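In: I'll drop the sequence and a predicted model, then ask my questions.
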Amino acid sequence: MRKIVVGCRKSALAVTQTEQVISDLTLLSQEHGMDFTFELKNIVTKGDLILDVTLSKVGGKGLFVKEIEQAMLDKEIDMAVHCLKDMPFELPKGLINGAVPKREDPRDCLISRSGAGLKDLKYGARVGTSSLRRSSQLAALRPDLIIEPIRGNIDSRLRKLENGEFDAIILAVAGLNRMGWEDRITEILSPETFLPAVGQGALGIECREDDAELRKLLNLYNDPQTALEVTAERTFLGVLNGGCHVPIGAFAVLNQAPNREAEATEHALQEITLTGMVGKSDGSIILRETHTGELPVQVGEEVAKLLIGNGAEKILTETMSH
């Protein structure tokens, strides 16, 4: 029997979602006659230690995964469960994303102390978020709001709201759902007006590329639809070379191609619709483009090219130079 050591951040959300994955993989391994046991190992990342500075100023997404990835390369752990939106586009040599399980709700939500939705928040309300993507879209929709940085785990952010430090905060619906705190949500923000982060709501199960035994199990756990959608989104991100430093959002939906004879067959032709955005951090400019196609990589590349053609490159360069 092989013991799989699973690396995990210490936050309540990270532990909760990792334990759920371990439970799912335990059942899968039993169903398919694989002899695995799992052990959770907590790892503190740089992103967990630096809480008084916005992510964009201290290194972006990789802050939450670097120490975990090094432990994997050193064979101290065998796999890790990440929020896919925290995973950089390029992974270290020797590591791969072994599975993307079925996606949770990808949308953002507003939680307010008064119970007011976004359009009904009082003039000049203080809204907490450290995401430039969220700040950009908030400022475009409500220029009067005072948008202030907020760091910390999901539970500490909710406490800051309750303590009166903010009138409202923006969080991912997926994290609240996984914690069983969906009743705290005041308003879910539609992707039609408020695009989520690339890969939001999805998990990435990272492992060593040469671990054939574990990869066989993870392949069974992979959700093909989610994998195609996030491939389009992450390709878009990769072309724009984006991260936490810049306001970039994307949302892909896989849908059956209409009016095709193949639709009723097992190999029905599917199309992916991707909407991407790049904006100025102050919300003064928001660029959005949508493209539909059959290949996720090509769809991601096309939306990025459309945005670049409309001036996205200049916005990204200006944002990253600040």
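Out: Done, it's in. Numbering: from 1, shown residues only.
In: Look at D183 and say how many residues are nearby.
Out: 6 (other CB atoms under 10 Å). C-beta coordinates here come from the backbone N, C-alpha and C atoms, glycine included.
In: Quick check, pLDDT for it.
Out: With respect to pLDDT, D183 has a value of 96.
In: residue ranges of the strands in this protein, please?
Out: 2-8, 36-42, 79-83, 95-99, 108-112, 126-128, 146-148, 168-172, 187-189, 203-208, 248-256, 270-279, 286-293 (DSSP state E).
In: for those, which one ends up most surrounded?
Out: The highest average neighbour count among the strands of the chain, using mean count of other CB atoms under 10 Å, belongs to strand 79-83 at a mean of 26.
In: any idea of the mean pLDDT in that strand?
Out: Rounded mean pLDDT across strand 79-83 is 94.
In: how about the nearest residue to T292, chain neighbours excluded?
Out: T273 (4.4 Å; CB to CB, 6 or more residues apart in numbering).
In: How far off centre is stretch 215-234?
Out: 14 Å (CA atoms, centre = their mean, to the nearest Å).
In: Mind listing what's buried along it?
Out: 215, 217-218, 221, 223, 226-234 (16 or more other CB atoms under 10 Å).
In: before we move on, what about stretch 115-129?
Out: 116, 118, 121, 125-129.
In: again with stretch 8-24
Out: 8-9, 11, 13-14, 16-18, 21-22.
In: what does that stretch contact?
Out: Contacts of stretch 8-24 with the rest of the structure, by CB atoms under 8 Å, 6 or more residues apart in numbering, involve 6, 38, 40-45, 48, 64, 68, 80-81, 83, 101, 153-155, 175, 178-179, 203, 205, 221.
In: quick one on the thing from earlier: report the beta-bridge partners for the residue nearest to T292.
Out: Applying DSSP bridges to T273 gives these bridge partners: V253, T292.
In: Could you chop the chain up by domain?
Out: 2-102+202-222, 108-189, 227-321 (automatic domain parsing).
In: Now distance to L195 too, for these, in TSV please.
Out: Listed next are the domains of the chain as TSV, based on distance: least, CB to CB, whole Å:
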stretch	distance to L195
domain 2-102+202-222	12
domain 108-189	7
domain 227-321	3
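In: if we can go back for a sec, which of the buried residues of stretch 115-129 sit farthest apart?
Out: Based on CB to CB, the longest span within these runs between A116 and T129 and measures 16.6 Å.
In: Count the neighbours of I68 for me.
Out: 25.
In: so how far is R215 from it?
Out: 18 Å (CB to CB, to the nearest Å).
In: before we move on, what about P296?
Out: Taken as CB to CB, the span from P296 to R215 is 21 Å.
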